[in-house]
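# Have a look; sequence and predicted model below, questions after that.
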Amino acid sequence: MDIPDGAVDTADGAIDEHPFVLSPLVRRQAQDAGVDLTRVQGTGPGGVITRGDVAAAAGAPVRVPAAEGSGVRSSPYARRLAAEQGLVPGDLEGTGPGGALVARDITEGPPASVAVAPPSESPPSEAEAGQPPPEGEAMDVAATEAAEPSTAAADAAADRVRSMRQAIARAMERSNSEIPHYYLGETVDAEPMLDWLTEINAERPPAERLLPAAVVLKATAVALRKFSDFNGYWIDDGFEPGEGIHLGVAINLRRGGLLAPAIRDVDQLPLDDLMEALKDLVERTRSGGLRGSELTDPTITVSNLGDTGVESIHGVITPPQVAFVGVGRITERPWTIDGMLTVRRTLFLSLAGDHRASDGHRGGRFLGAIATNLGRPEKL
Amino acid sequence: MNTNDPRELLIDVLSGIAPESDPATVDPTEDLRDELDLDSMDELNMITRVSARLGIDIPEKDYPLMRTLDGAVDYLTGRMAAPTP
């Protein structure tokens, strides 16, 4: 496949070893149970394989049979790919565990750079990972947008948009079938934040100006310090708090699709640094320069439709995260202050919460804390 | 590209921000944000780049004057004629 220049260095670190296991405990458990981790579909953050996944897999046949007549170990998916392309597994060199043949060993035509994993080389379990979309596909979509326009590139781009759509579909299906969502919303007076920004930005050149989005992210992150039960994952029937407050920022891709890579430790970042990080993240998301870890890092997702979107958003949580904060367009509304009617610029804050991990009362207080923080931006 | 023609410069800058669209074909009287699906980050990037290339400050309060291609061309033409705001 064609990989545009620039995709190679941008994809640095984009390929995580598969299977994706964080915990040594899980590896040991898999070894004890004789579970082949390459065949386990991870349900943890970013498709990470959890103890529950291994336990579930242990109940199923787990040994990968040797490919018939070849004496070569291979995954079923790799065998199918090989068969589709008329290849004999024994002629191919396996790069999986123990030299097993895996899907990435079966390529179409001469091997391209390995820096970006095209969807066709991804094992199915990666494509079904919780994080939409798997990083290999994501990189491709974005990288292709920067490529020289040509029919082939356009076709490839269309394919990757389709792949991303499918990955989003799987994650969102899983979300809506597994996560009992509840939804809360609150209209917030945005004048204090906007006045403060106007004042700050008037003294700054364009390159150093702050956007409301940066303030909203910081306000959310600071609120999460106290409301840590919204920051983390629902894994193995329990809540696991995130290690750090890493906000997944929903960023739309113009050609279609959406990614929510993380800015790490947002509560610790001064606003200027956060603004720089946000600019950088948006630019890299759209040009194809994300690191794979950035897509698996988020401990919660924030969608800020900013000044061009709709007034309110009712989000779908990205499993295994447990919350989604939505920020609508800033819009003028009639407002009362001390019994006097006036017009204020407002925004609609929303929360989609996982009812397994939290309750509406607590969610309401979390939203209230964000609103309070927005009311005193100078303290962020 | 090195030009001081505001329209050419704007189209060049916008091509960098929204490479999948063709800014040369936008309706110059319509809101650029709708025409090119720009968000506030794109708008800030546009202002930043235009400002840097022309060496003029563009205060935030003037952003609304630059919301259409024609409007932005008029605004920048005026600012280049009289560089102090």
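Great, that's in hand.

# Tell me which residues of stretch B:70-84 come out buried.
For stretch B:70-84, a neighbour-count test (16 or more other Cβ atoms under 10 Å in any protein chain shown) marks B:71-73, B:75-76, B:79 as buried. Glycine gets a C-beta too; all of them are placed from N, C-alpha and C.

# Could you pull out the buried residues of the lowest-mean-pLDDT helix or strand in chain B?
In chain B, the helix or strand scored least confidently by mean pLDDT, DSSP states H and E is helix B:32-35, which has a mean of 90. By neighbour count on 16+ other Cβ under 10 Å, the buried set for helix B:32-35 is B:32-33, B:35.

# before we move on, what about stretch A:206-215?
For stretch A:206-215, by 16+ other Cβ under 10 Å, it's A:206, A:209-215.

# what about residue 53, neighbour count?
Using chain A here. 26 (other Cβ atoms under 10 Å in any protein chain shown).

# that's the other chain; I wanted chain B
As a burial measure, B:Arg53 scores 16 neighbours (other Cβ under 10 Å).

# Assumed it was part of a helix.
Yes. Counting by DSSP: H, G, I helix; E, B strand; the rest coil, B:Arg53 falls inside a helix.

# quick one: low-confidence ranges for chain A?
Within chain A, the ranges that satisfy pLDDT under 70 run A:1-28, A:38-39, A:41, A:45-48, A:59-150, A:305-308.

# Tell me which helix or strand comes right after the helix or strand that contains A:Gln29.
Element membership for A:Gln29, per DSSP states H and E: helix A:24-33. Next in sequence after helix A:24-33, counting helices and strands by DSSP H and E, comes helix A:51-58.

# Which residues belonging to that next one are considered buried?
A:53-54, A:57.

# Also near chain B: which of those, exactly?
The subset of those within reach of chain B, by Cβ under 8 Å from any Cβ of the partner chain, is empty.

# Pull the contacting residues for the residue in chain A that chain B sits nearest to.
Residue of chain A nearest chain B, by Cβ to the nearest Cβ: A:Pro206 (4.1 Å). Applying Cβ atoms under 8 Å, 6 or more residues apart in numbering or on different chains, one finds that A:Pro206 lies in contact with B:44, B:47-48, B:51-52, B:57-58.

# Just these: which are in helices?
If you go by DSSP state H, the contacts of A:Pro206 have B:44, B:47-48, B:51-52 in helices.

# one step back: closest one of the buried residues of stretch A:206-215 to B:Gly16?
The shortest approach to B:Gly16 among the buried residues of stretch A:206-215 belongs to A:Pro206, at 15.2 Å (Cβ to Cβ).

# What sits closest to that closest one if chain neighbours are left out?
Nearest residue to A:Pro206, sequence neighbours excluded (Cβ to Cβ, 6 or more residues apart in numbering or on different chains): B:Thr48, at 4.1 Å.

# what helix or strand does B:Leu14 sit in?
Taking DSSP H and E as the criterion, the element that holds B:Leu14 is helix B:6-17.

# just to revisit the earlier point, list buried members of the contacts of A:Pro206 by neighbour count.
B:44, B:47-48, B:51, B:58.

# what stretches of chain B score poorly on pLDDT?
The model of chain B has pLDDT under 70 over residues B:1-3, B:83-85.

# Check the gap between the residue of it found nearest chain A and A:Glu276 for me.
Of all residues in chain B, B:Thr48 sits closest to chain A, at 4.1 Å by Cβ to the nearest Cβ. According to Cβ to Cβ, to the nearest Å, B:Thr48 stands 12 Å off from A:Glu276.

# do the same with B:Gly71
B:Gly71 sits at a distance of 29 Å from A:Glu276 (criterion: Cβ to Cβ).

# wouldn't B:Asp70 be in contact with B:Glu30 here?
No. With contact defined as Cβ atoms under 8 Å, B:Asp70 does not reach B:Glu30; the gap is 9.4 Å.

# element containing the residue nearest to A:Ala214 when sequence neighbours are not counted, please.
Using Cβ to Cβ, 6+ apart and skipping the chain neighbours, the partner closest in space to A:Ala214 is A:Met275 (4.3 Å). Element membership for A:Met275 (DSSP H and E) is helix A:271-287.

# Show me which residues of the next helix or strand after that helix are buried.
Next in sequence after helix A:271-287, counting helices and strands by DSSP H and E, comes helix A:292-296. By neighbour count with 16+ other Cβ under 10 Å, helix A:292-296 contains the buried residues A:292, A:294-296.

# for chain A, which strand is longest?
As assigned by DSSP state E, the longest strand anywhere in chain A is strand A:340-354.

# and the gap between the spatially most central residue of chain B and B:Arg53?
For chain B, the residue nearest the mean C-alpha position is B:Leu10 (4.5 Å; Cα atoms, centre = their mean). Using Cβ to Cβ, one gets 10 Å for the distance from B:Leu10 to B:Arg53.

# Near chain A, which residues of chain B are found?
Within chain B, the positions near chain A by Cβ under 8 Å from any Cβ are B:18-21, B:33-34, B:37-41, B:44-45, B:47-48, B:51-52, B:57-61.

# coming back round to it: could you list every residue that touches the residue nearest to the centre of chain B?
Here B:Leu10 is in contact with B:23, B:46, B:50, B:69, B:72-73, B:76 (Cβ under 8 Å, 6+ apart).

# Which strands or helices does the helix or strand following the longest strand of chain A pack on?
Later in the chain than strand A:340-354, the nearest helix or strand by DSSP H and E is helix A:360-375. Judged by 3 or more Cβ pairs under 8 Å, 6 or more residues apart in numbering or on different chains; DSSP states H and E, helix A:360-375 is in contact with strand A:181-189, helix A:191-202, helix A:212-226, strand A:323-327, strand A:340-354.
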